[in-house]
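> Provided below are the primary sequence and the corresponding predicted coordinates.
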Amino acid sequence: MKNEIIIFSVIFSTIAPAILATTHLSIYVALPTFLLVFVIAYLTYLLVNVKWDYKGLYAYAQDFHPLVGYMFLASWLGSYYPYTIYTAIYIPYYVLNLDGITAVIISLMVEVIIVVALLTNFYYIFPIIAFSQLALALPFGWKLGLGVTPPIPSLFLDILSSSVIIVCITLSTFIKADKRFSNYILYSVLIGGTMLFYSSFLSPSSLAVYGEAIGNFGLIMAEFLMIKNLLSGLQRENIVKYLAIASIPLVGIGNLNYTLFYNTLIVPSVALLYVSLFLSFLSVFKYFNSLKIKILGSIALFLFIYGEYNVITTSKGYLLYEAIGALILSILIGISVYSKRKHSFNSIRDLGKNF
């Protein structure tokens with residue numbers, strides 16, 4: 001990408017500022033949450049200054065170790081592709097609080113618009129997404145209302161849970177851009193942090209919910225774009241159109257029982273997200289020798305571990321088995337691909353020795 005406005009708006013869309021503006025957390029949660037959030041954002045900024053290409057986090061995980069790279073690939077794709085489907089369900093039913101045929105039509109419209117924009121490379125949709133949700137999330141007409149401060153025993157856990165609120169900023173690593181634009185990552189998070197801050201003492205207006213809906217729409221678009229970029233970097237771009245087109249009937253199926261569909265997909269998706277982030281951020285310890293950066297890297301890894309722990313411990317019944325099964329499957333797929341690639345490499349090397 002070379003257009004500065006598009007690059008900024010893509011990155012800005014990954015933090016979904018309107019969602020941050022409507023969190024309404026306690027100020028005692030919001031401020032430490034932002035500090036932890038900034039750790040992840042700053043490390044992302046450092047990583048794109050090592051290399052910034054379509055392979056994104058996958059390239060970093062591969063540099064750490066090929067096995068880690070393949071496990072990342074399985075877990076990341078297993079996390080984000082379902083996200084592009086169940087979030088289209090989430091917008092009408094959970095954000096806009098709609099039901100019936102209206103919710104069905106909106107969920108399908110969301111997915112169709114995104115698929116068309118993705119397949120036609122209409123990336124000018126990102127400035128529309130970014131700045132429209134920003135406008136709707138500005139605190140004009142909002143009323144004073146402090147976020148509820150949790151009891152001291154649960155305050156620390158609430159901070160940890162909220163600290164991964166913008167992990168999607170890591171999607172910005174999958175852009176092919178000039179490193180001089182890497183500051184956009186920090187600018188985006190600072191703007192988002194400001195919105196997180198004022199949401200702690202202001203109650204959003206009725207218009208803010210539409211900004212939140214656009215924020216979720218933007219996340220789907222960004223995620224689909226990064227899947228496309230990654231697969232393009234792996235010379236597998238032809239798969240994208242099949243994944244994109246398949247998402248539309250899958251959203252249609254999700255409307256049959258939106259609660260079951262959403263819950264069934266989100267738990268393994270989030271579980272895989274945290275393990276993929278953990279695997280890719282191991283590269284921080286390979287690229288950087290600074291003790292300060294390694295401490296920040298350790299903090300980020302701890303947050304991802306806690307996120308994973310939180311998913312596992314709060315999941316019950318079949319959702320727990322789904323989460324654990326998804327983790328095991330992604331690891332096994334990574335090991336299988338690594339073993340096959342290593343065997344192929346050794347065969348070619350041995351063949352070369354015979355000449």
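Thanks, I have the structure now.
> okay, and for the stretch 251-355 of the chain, where does confidence drop off?
343-355 (pLDDT under 70).
> mind running it again at 80?
342-355 (pLDDT under 80).
> where along the stretch 151-300 of the chain do the strands fall?
202-203 (DSSP state E, counting those that start in this stretch).
> before we move on, what about the stretch 1-150 of the chain?
According to DSSP E, counting those that start in this stretch, the strands that the stretch 1-150 of the chain contains are 143-144.
> quick one, helices of it?
Counting by DSSP state H, counting those that start in this stretch, the stretch 1-150 of the chain has these helices, from start to end: 4-14, 17-21, 27-48, 56-64, 66-90, 100-119, 125-137.
> now the last one against helix 100-119, angle please.
Looking back up the chat, that one is helix 125-137. If you take axes from the mean of the first three to the mean of the last three CA atoms, to 10 degrees, helix 125-137 sits at 140 degrees to helix 100-119.
> quick one: buried residues of helix 125-137?
Across helix 125-137, burial judged by 16 or more other CB atoms under 10 Å covers I125, F126, P127, I129, A130, S132, Q133, L134, L136, A137. Using the backbone N, CA and C atoms, a C-beta is placed for each residue, glycine as well.
> any idea what sits nearest the fourth one, other than its immediate chain neighbours?
So that's I129. The spatial neighbour of I129 that comes closest, neighbours along the chain excluded (CB to CB, 6 or more residues apart in numbering), is G218 at 4.0 Å.
> re earlier: of the helices of the stretch 1-150 of the chain, which approaches F201 most closely?
helix 27-48 (6.5 Å; CB to CB).
> helices or strands up against that closest one?
helix 152-162, helix 183-198, helix 284-287, helix 291-314 (3 or more CB pairs under 8 Å, 6 or more residues apart in numbering; DSSP states H and E).
> The same query, at a cut-off of 7 Å, please.
Judged by 3 or more CB pairs under 7 Å, 6 or more residues apart in numbering; DSSP states H and E, helix 27-48 is in contact with helix 152-162, helix 183-198, helix 291-314.
> what's in contact with it?
By CB atoms under 7 Å, 6 or more residues apart in numbering, the residues outside helix 27-48 that reach it are 25, 60, 147, 149, 155, 158-159, 162-163, 165-167, 169-170, 172-173, 179, 182, 185-186, 189, 193, 196-197, 200-201, 281, 284, 288, 293, 296-297, 299-300, 303.
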